[in-house]
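Enquirer: Quick one, fold the following:
(chains A, B, C and D)
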Number of protein chains: 2
Amino acid sequence: MSDFKVIMEGGTVEQCPRRYVLALTDTLNVINGKWKLPIIASLLRGVVRFKDLLERTEKITPRMLSKELKELEMNGIVERKVFSQTPVLIEYRLTRSGRHLTSVIDSMIDWGVLHRSHVVTDEQPGSDKI
Amino acid sequence: MSDFKVIMEGGTVEQCPRRYVLALTDTLNVINGKWKLPIIASLLRGVVRFKDLLERTEKITPRMLSKELKELEMNGIVERKVFSQTPVLIEYRLTRSGRHLTSVIDSMIDWGVLHRSHVVTDEQPGSDKI
DNA sequence: AATAGTAGTATACTTTTGTATACTGAATCC
DNA sequence: GGATTCAGTATACAAAAGTATACTACTATT
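Expert: From the prediction side, this is the model:
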């Protein structure tokens, strides 16, 4: 659909529209850092609370979790819902955009799996052929 | 194909196989940082030399370019070929794995475009854009 | 009044990433 | 023998990302 590949076919830079470049950097900014994808992966399993995320995102500190969740919220990836119970209950869930990240994650997994197989089959020590 | 979504459908963590997690973090590690994707995008246009990359990757310093190219080479994304001419000629090109990154890039662009449209249509004033 | 549960914040630090600017080395050309 | 070209490296610094550890605010229960 986006057909980034146009730039391969011997064209000028302008063949890759600016809005695609923006879209790409948007996506990178959303998922970058050490914790974004692990958190998103946890949220894909459903609605969760802060404490749950703390426990099941290995070794993340509350400070980082808080920071990352804020960024994800600002970027429209997660929603934060407050329930005025006692003790207070706060739920985090993915937005529609957040759920759509599965397609990006899937393609990253596909590439990673493929790449690992290439590395194993192609790259014997010393000889580096394509 | 990789079907990361299995973890949505009410399962345990184990439903997302460890190798998928590894594949995902591989991919993240390969593309993370400020310069990896711009460099890969340049390389998608064909074989290039260090100096070309310096000129057309906006404002990158030789130090960073050198560092990033080394990492990409170590990760099996680019190949470096030395021609013993004078002045010496060194060519950088994508490996097969490197070229396959187009599918990841495309899905990131697709998500970014979609997300921008969601942000415009969904989100009330106050919510922040990327 | 002390305890416990939820959802974080505060402070100080280390590590990683990125920037700025100048420089090296090899070889040929003039 | 100095200028030029290519492909980087060296040094010093600044900024961003991440870690460690302790603490706060609210409130309901004991």
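Enquirer: tell me which parts of chain A are close to DNA strand C?
Expert: A:49-51, A:61-63, A:66, A:69, A:80, A:86-91 (CB under 7 Å from any atom of the strand). C-beta coordinates here come from the backbone N, C-alpha and C atoms, glycine included.
Enquirer: and these, which of them are in helices?
Expert: A:Phe50, A:Lys51, A:Pro62, A:Arg63, A:Ser66, A:Leu69 (DSSP state H).
Enquirer: In contact with A:Leu72: list those residues for me.
Expert: A:Val30, A:Lys36, A:Ile39, A:Ile40, A:Val78, A:Gly98 (CB atoms under 8 Å, 6 or more residues apart in numbering or on different chains).
Enquirer: cutoff 7 Å now
Expert: For A:Leu72, the contacting residues are A:Lys36, A:Ile39, A:Val78, by CB atoms under 7 Å, 6 or more residues apart in numbering or on different chains.
Enquirer: Can you mark which positions in stretch A:72-85 are buried?
Expert: Using 16 or more other CB atoms under 10 Å in any protein chain shown as the test for burial, stretch A:72-85 gives A:Leu72, A:Glu73, A:Asn75, A:Gly76, A:Ile77, A:Val78, A:Glu79.
Enquirer: Out of those, name the ones that lie in strands.
Expert: Judged by DSSP state E, the buried residues of stretch A:72-85 include A:Val78, A:Glu79 as members of strands.
Enquirer: any idea which of the buried residues of stretch A:72-85 is closest to DNA strand D?
Expert: DNA strand D lies nearest to A:Leu72 out of the buried residues of stretch A:72-85, by CB to the nearest atom of the strand, at 12.1 Å.
Enquirer: that older thread, farthest-separated two in the residues of chain A next to DNA strand C?
Expert: Within the residues of chain A next to DNA strand C, two members stand farthest from each other by CB to CB: A:Thr61 and A:Thr86, at 25.6 Å.
Enquirer: what sits against A:Trp39?
Expert: Not quite, residue A:39 is Ile, not Trp. For A:Ile39, the contacting residues are A:Leu53, A:Thr57, A:Glu68, A:Leu72, by CB under 7 Å, 6+ apart.
Enquirer: circling back to that earlier point, let's have the buried residues of stretch A:72-85 in CSV, adding pLDDT.
Expert: Shown next, in CSV, are the buried residues of stretch A:72-85 (pLDDT from 0 to 100):
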residue, pLDDT
A:Leu72, 97
A:Glu73, 97
A:Asn75, 96
A:Gly76, 96
A:Ile77, 97
A:Val78, 97
A:Glu79, 97
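Enquirer: Distance check, A:Tyr20 against B:Leu114.
Expert: Taking CB to CB, to the nearest Å as the measure, A:Tyr20 and B:Leu114 are separated by 12 Å.
Enquirer: which one of these two has more residues nearby?
Expert: A:Tyr20 (22 against 17; other CB atoms under 10 Å in any protein chain shown).
Enquirer: Model confidence at that one, what's the number?
Expert: What the model reports as pLDDT for A:Tyr20 is 91.
Enquirer: sec struct for it, please.
Expert: State at A:Tyr20, reduced to three classes by DSSP: H, G, I helix; E, B strand; the rest coil: helix.
Enquirer: Quick one: residues contacting the nearest residue to A:Met64 once chain neighbours are set aside.
Expert: Taking CB to CB, 6 or more residues apart in numbering or on different chains as the measure, A:Met64 lies nearest to A:Trp35, with 5.8 Å between them; neighbours along the chain are not counted. For A:Trp35, the contacting residues are A:Thr57, A:Ile60, A:Met64, A:Glu68, by CB under 7 Å, 6+ apart.
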